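Engineer: give me coordinates for this.
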Amino acid sequence: SYLQEQMISAGFVPTGWAQPVLTIANLAGFRGAEAKTQQVKAILERYCVLPSSPGKEAWSGVKTWSLYGTCVGQQSVGLSSSYHSKHLEGLGIAPFSKGVDGFINEATVLG
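Structural biologist: Residues are numbered from 1 along each chain as shown. As a prediction, this is how the structure comes out:
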């Protein structure tokens, strides 16, 4: 999904395909171990985030990977973000949607 988001936006940014290709190069280790580690961290930081809450609860927007060393995101806790996410637009989610459906069961996806 991370790479898919980058590929969708590639046609709309001046750098084009540079970012998706760089991501692949980093993950393959072509740019060294540090670049690979940083790329993995960026991906985990993108998805291992608790949903944003309008009430600004203490857990709102917490990046669980950096803080706890484990990946807990919106669907892990069954909550959706209260705010619009531009990352979701290219993935078939309506532009004015406030986030993914946090209540979709993993078994539904896996079939």
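Engineer: buried stuff in the longest helix along the chain?
Structural biologist: Ranked by residue count and defined by DSSP state H, the top helix of the chain is helix 33-47. If you call a residue buried by 16 or more other CB atoms under 10 Å, then helix 33-47 has these buried ones: 35-36, 39, 43-44, 47. C-betas here are computed from N, CA, C, even on glycine.
Engineer: how near is Met7 to Gly61?
Structural biologist: To Gly61, Met7 is 26 Å away according to CB to CB, to the nearest Å.
Engineer: sorry, back to before: now for the buried residues of helix 33-47, which pair is the farthest apart?
Structural biologist: Farthest-apart pair in these is Ala35 and Tyr47; separation 19.4 Å (CB to CB).
Engineer: what's the longest helix of the chain packed up against?
Structural biologist: Here helix 33-47 touches helix 2-10, helix 18-28, helix 64-68, going by 3 or more CB pairs under 8 Å, 6 or more residues apart in numbering; DSSP states H and E.
Engineer: adding mean pLDDT and mean neighbour count, write those helices out as a markdown table.
Structural biologist: A markdown table is the format used below for those (pLDDT from 0 to 100; neighbours: other CB atoms under 10 Å):
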| stretch | mean pLDDT | mean neighbour count |
| --- | --- | --- |
| helix 2-10 | 84 | 15 |
| helix 18-28 | 94 | 15 |
| helix 64-68 | 89 | 15 |
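Engineer: mind putting these into TSV with distance to Ser76?
Structural biologist: Formatted as TSV, the helices and strands packed on helix 33-47 follow (distance: least, CB to CB, whole Å):
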stretch	distance to Ser76
helix 2-10	17
helix 18-28	23
helix 64-68	8
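Engineer: out of those, nearest to Ser53?
Structural biologist: Once the helices and strands packed on helix 33-47 are compared by CB to CB, helix 64-68 is nearest, at 14.7 Å.
Engineer: same for that closest one, what does it pack against?
Structural biologist: helix 33-47.
Engineer: and the helix it packs on, average pLDDT?
Structural biologist: For helix 33-47, mean pLDDT rounds to 93.
Engineer: what sits up against that helix?
Structural biologist: Helix 33-47 is contacted by residues 1-2, 23, 26-29, 63, 65-66, 71, 73, 87 when judged by CB atoms under 8 Å, 6 or more residues apart in numbering.
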